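Asker: Attaching a predicted model along with its sequence, questions to come.
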Amino acid sequence: MAAVWIERRHSDEDFAEADLGEANLRGCSFERCSFRGARLDEATTRGCTFAECDFAGARLNGSIHEGSAFLNCRFYLTNLFVVRFDECKLTGASFEESDLTSLRITRGDWSLVNLRYQNLAGQQLRGVRLAEADLYRCNLERADLREADLTRANLDGCRLRGADLRGAILDGVNLQGLDLRDARLDLAQA
């Protein structure tokens, strides 16, 4: 039977290799906890906060996160296949060498996030706050970035061919040298 946790508080706990598949977590908080290698496939979080947690090597495939926060969390070699983040805050999170295939992001705050080298081609990122995000050498071809906040984001080496940037906030972003062929821009951005 899947775990149901409501408003539980955890600090400096080790959930490494734990089986939390299909778990339902609501209003819980986790500070500096380790989820290294944990199984969270098809888990659901609602209104949870994970601060400075380590998800290295964890499996979150098919999980759904609604209104949850993953603050300064580490997702190294993490499987995030078909994961859904709805209105979530991932400020300062790092996704080094993680599988973001078919990731779905609905709005939310992804400021200061590390998404270096990620393939986000065709991704729906409309209205997502990516201020000061590190998107170095990301593939953002055909991505929907309408109304996204990219203030001072690092887009160096990004592939933006065919991306939709209409209404995006690009203050402090260096667009020179980027491949913007077939990209859709507002007149003021061009």
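Answerer: In hand now; what should we look at?

Asker: if I read this right, residue 91 contacts residue 129, doesn't it?
Answerer: No - the pair residue 91 / residue 129 is not scored as a contact, 9.0 Å apart, by CB atoms under 8 Å. Yep, even glycine has a C-beta here, placed from its N, CA and C like the rest.

Asker: residues shared between the contacts of the two?
Answerer: Each of 109-111 lies in contact with both residue 91 and residue 129 under the rule CB atoms under 8 Å, 6 or more residues apart in numbering.

Asker: Could I get the contacting residues of residue 82?
Answerer: Residue 82 makes contacts with 61-62, 101-104, as judged by CB under 8 Å, 6+ apart.

Asker: ranking these by neighbours, who comes first?
Answerer: Neighbour counts for those were taken using other CB atoms under 10 Å; the highest belongs to residue 61, which has 20 neighbours.

Asker: Distance check, that one against residue 139.
Answerer: As defined by CB to CB, to the nearest Å, residue 61 lies at a distance of 21 Å from residue 139.

Asker: likewise residue 93?
Answerer: Between residue 93 and residue 139 the distance is 19 Å, computed by CB to CB.

Asker: More neighbours: those two, which one.
Answerer: Taking neighbours as other CB under 10 Å, residue 93 and residue 139 compare with residue 93 leading, 24 against 18.
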